[in-house]
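Trainee: no sequence on this one, just coordinates:
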């Protein structure tokens with residue numbers, strides 16, 4: 001098996017997130033991307049388009065729907081004023 005890797009970028013995920021059954025794989029991946037910023041002491045200012053692209057979704061609208069679902073389920077908090085999620 002041949003894997004492409006960017007050796008400078010790794011993600012950590014809490015087991016509780018990975019074991020969650022109420023969200024799908026794309027939603028878990030979005031949470032992990034946002035969490036990677038938090039673990040570095042930063043806020044996530046990525047646009048929906050950038051988030052979609054980072055996890056292989058074709059449309060920003062898909063990321064937007066996943067984010068809305070994650071917010072409604074309490075996995076993410078979205079602050080529109082500053083355009084960041086944490």
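Mentor: Thanks, I have it. Values in this document were obtained by computation on a predicted structure and should not be read as measured data.
Trainee: measure the nearest residue to residue 47 once chain neighbours are set aside to residue 24 for me?
Mentor: Take residue 47 and drop its neighbours on the chain: the residue closest to it by C-beta to C-beta, 6 or more residues apart in numbering is residue 60, 7.1 Å away. Every residue, glycine included, has its C-beta placed from N, CA and C. Separation of residue 60 from residue 24 (C-beta to C-beta, to the nearest Å) stands at 18 Å.
Trainee: comparing the two, which residue is more hemmed in?
Mentor: residue 60 (15 against 12; other C-beta atoms under 10 Å).
Trainee: mind listing what that one touches?
Mentor: For residue 60, the contact set (C-beta atoms under 8 Å, 6 or more residues apart in numbering) comprises 47-49, 51-52.
Trainee: relative to residue 71, how far out is it?
Mentor: To residue 71, residue 60 is 16 Å away according to C-beta to C-beta.
Trainee: now the helices for this protein?
Mentor: In the chain, helices defined by DSSP state H lie at 15-18, 25-39, 48-55, 60-72, listed in chain order.
Trainee: how about low-confidence regions in this protein?
Mentor: Along the chain, the model assigns pLDDT under 70 to residues 1-10, 80-86.
Trainee: can you count the residues close to the closest residue to residue 54 other than its chain neighbours?
Mentor: Leaving aside its sequence neighbours, residue 54 sits nearest to residue 33 (C-beta to C-beta, 6+ apart; 5.8 Å). Residue neighbour count, defined by other C-beta under 10 Å, stands at 18 for residue 33.
Trainee: OK, contacts around the spatially most central residue of the chain?
Mentor: The centre of the chain sits closest to residue 30, judged by C-alpha atoms, centre = their mean, with a distance of 1.9 Å. Contact partners of residue 30, counting by C-beta under 8 Å, 6+ apart, are 51, 55, 63, 66-67, 70, 76.
Trainee: go again with 6 Å.
Mentor: Remark: with contacts taken as C-beta atoms under 6 Å, 6 or more residues apart in numbering, residue 30 is in contact with residue 66.
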